[in-house]
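[1] quick check, what structure comes out for this input:
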Amino acid sequence: MDDHDWVLIDVEMAGLSSPVVVELAAQRMRGWLPQGPAFRRLLNHGPDMTQERSRVHGLSRAVIERDGEAPQQVYLDLSRYVEGLPL
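    Residues are numbered from 1 along each chain as shown. Below you'll find the predicted structure:
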């Protein structure tokens, strides 16, 4: 594993019955060492961000509305970041 490239993914979700992804983070790795900059983005699903969901992950609706991006764009950018490496 020491010389293999791969990507570590972390997903922050809100809600239990119908979860919504609110944050995606990733780090390219070589073995167990980070390689290059990390990927971290907030996703704005618009009206799906309820107060109940905010309690799950600690991100307020105001933060998601201010800093969150369109989910489709974030997923596209994550795909480019991963560049086909194993997850």
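
[2] what's the longest helix in this structure?
    helix 71-82 (DSSP state H).

[3] list the buried residues in that one.
    Pro71, Val74, Leu78, Tyr81, Val82 (16 or more other CB atoms under 10 Å). From N, CA and C alone the C-beta is placed, and that goes for glycine too.

[4] and for stretch 14-24?
    Ala14, Gly15, Val20, Val21, Val22, Glu23, Leu24.

[5] can you pull the buried residues of the lowest-mean-pLDDT helix or strand in the chain?
    Least confident helix or strand of the chain, by mean pLDDT, DSSP states H and E, is helix 51-57 with a mean of 76. Buried positions in helix 51-57, judged by neighbour count with 16+ other CB under 10 Å: Arg53, Ser54, Val56.

[6] helix or strand right after it?
    helix 61-67 (DSSP states H and E).

[7] quick check: mean pLDDT across that following helix?
    On average, the pLDDT along helix 61-67 is 89.

[8] other residues contacting that helix?
    With contact meaning CB atoms under 8 Å, 6 or more residues apart in numbering, helix 61-67 is reached by Val22, Leu42, Leu43, Asn44, His45, Met49, Thr50, Gln51, Ser54.
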